[in-house]
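>>> Need a 3D model of the sequence below.
(one chain, ligands or ions: 1)
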Amino acid sequence: MKQLQPVYFALDFPTGNEAIDFLQVNRLDAIPVKVGMELFYKEGPPMIQRLKERGHPIFLDLKLHDIPATVGRAMRNLASLDVDVVNVHAQGGAAMMRAAVQGVEEGATNERPILLAVTMLTSTDQEMVEREMLLDNSIPKVVRHYTNLAKNSGVDGVVCSVHEAELVKNTAMLALTPGIRLGSGDIHDQKRIASPDVARERGSDSIVVGRAIREADDPHVTYHQIKEAFTHEIDHKGFN
Ligand SMILES: O=C(O)c1cc(=O)[nH]c(=O)n1[C@@H]1O[C@H](COP(=O)(O)O)[C@@H](O)[C@H]1O
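Below is the predicted model of the structure:
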């Protein structure tokens with residue numbers, strides 16, 4: 001299995017050229033990146049190749065959610081791109097997650113990618129869970145349930161907020177936590193947020209950061225400060 005990186009920078013850009021320009025201008029060479037729906041639906045698999053040639057570890061975040069057969073076959077195609085991390089929605093159920101595991105194993109040409117299951121999006125809060133999804137359980141309870149379901153289906157870890165990271169780690173699953181914000185910055189559409197320091201304290205294995213870096217005055221410095229806060233490792237190269 002591939003290795004999970006501590007910090008993924010979310011490449012939420014409209015085009016590949018804008019994403020690459022941003023990385024170049026801000027000297028974010030070969031940092032781990034997350035390619036999501038916006039960029040992948042525009043550029044497709046050649047974007048993955050472009051980033052790999054530039055040495056970036058890649059989390060391909062397409063959050064698959066469909067019937068088991070479709071997800072299994074789609075996952076086989078994604079795994080063949082030789083990315084490091086892929087994901088599905090846990091809400092698709094155990095059979096769908098088992099199909100995803102099989103797809104990842106069959107499609108991998110090299111070491112297989114890590115497969116994560118999204119439990120409850122960080123843009124969701126308790127009120128939405130009750131009023132819009134009609135679930136009468138607390139978010140931590142739902143996350144715990146999906147984490148166990150994912151584990152029993154052979155998935156490697158889950159995506160959750162920092163606030164549920166501890167309970168996920170109690171199940172010995174990997175915990176990747178987006179919804180990262182610094183101090184008093186804009187939280188945008190996120191609901192369950194936390195800082196990189198709190199993510200570390202709560203035992204998160206990996207964080208995803210987008211706008212806190214993209215909208216920073218100096219994205220290069222901010223990226224390295226976030227990485228240091230989360231890992232406690234000073235990357236001297238980062239402050240050149
Ligand atoms: O799977 C994800 O990466 C993800 C799951 C989740 O629950 N919340 C979440 O924000 N994300 C992704 O993480 C990134 C967060 O972006 P920022 O809010 O700009 O840091 C986006 O690319 C989201 O698609």
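
>>> Which residue, other than its chain neighbours, is closest to residue 30?
What sits nearest to residue 30 in space, not counting adjacent residues and going by CB to CB, 6 or more residues apart in numbering, is residue 55, at 3.7 Å. In short, each C-beta sits where N, CA and C put it, glycine included.

>>> isn't that neighbour right next to residue 28, touching?
No - under the contact definition of CB atoms under 8 Å, residue 55 does not touch residue 28, with a separation of 11.2 Å.

>>> Now do the buried residues in stretch 191-204.
Within stretch 191-204, the residues scored as buried using 16 or more other CB atoms under 10 Å are 191-196, 198-200, 202, 204.

>>> For the residue of the chain found nearest the ligand, grab phi and psi.
Using CB to the nearest ligand atom, residue 210 is the residue of the chain that sits closest to the ligand, at 2.7 Å. The phi and psi torsions at residue 210 (degrees, to the nearest 10) take the values phi -110, psi -90.

>>> Have a look at the chain and report its longest strand.
With DSSP state E setting the assignment, residue counts place strand 58-64 as the longest strand in the chain.

>>> partners of that strand, with directions?
Here strand 58-64 is paired, per DSSP bridges, with strand 33-35 (parallel), strand 85-89 (parallel).

>>> In CSV: those strands, plus mean pLDDT.
Rendered in CSV, the data for those read as follows (pLDDT from 0 to 100):
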stretch, mean pLDDT
strand 33-35, 99
strand 85-89, 98
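
>>> In TSV, list the ones you listed along with distance to residue 101 and mean neighbour count.
Output for these, formatted as TSV (distance: least, CB to CB, whole Å; neighbours: other CB atoms under 10 Å):
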stretch	distance to residue 101	mean neighbour count
strand 33-35	21	25
strand 85-89	9	26
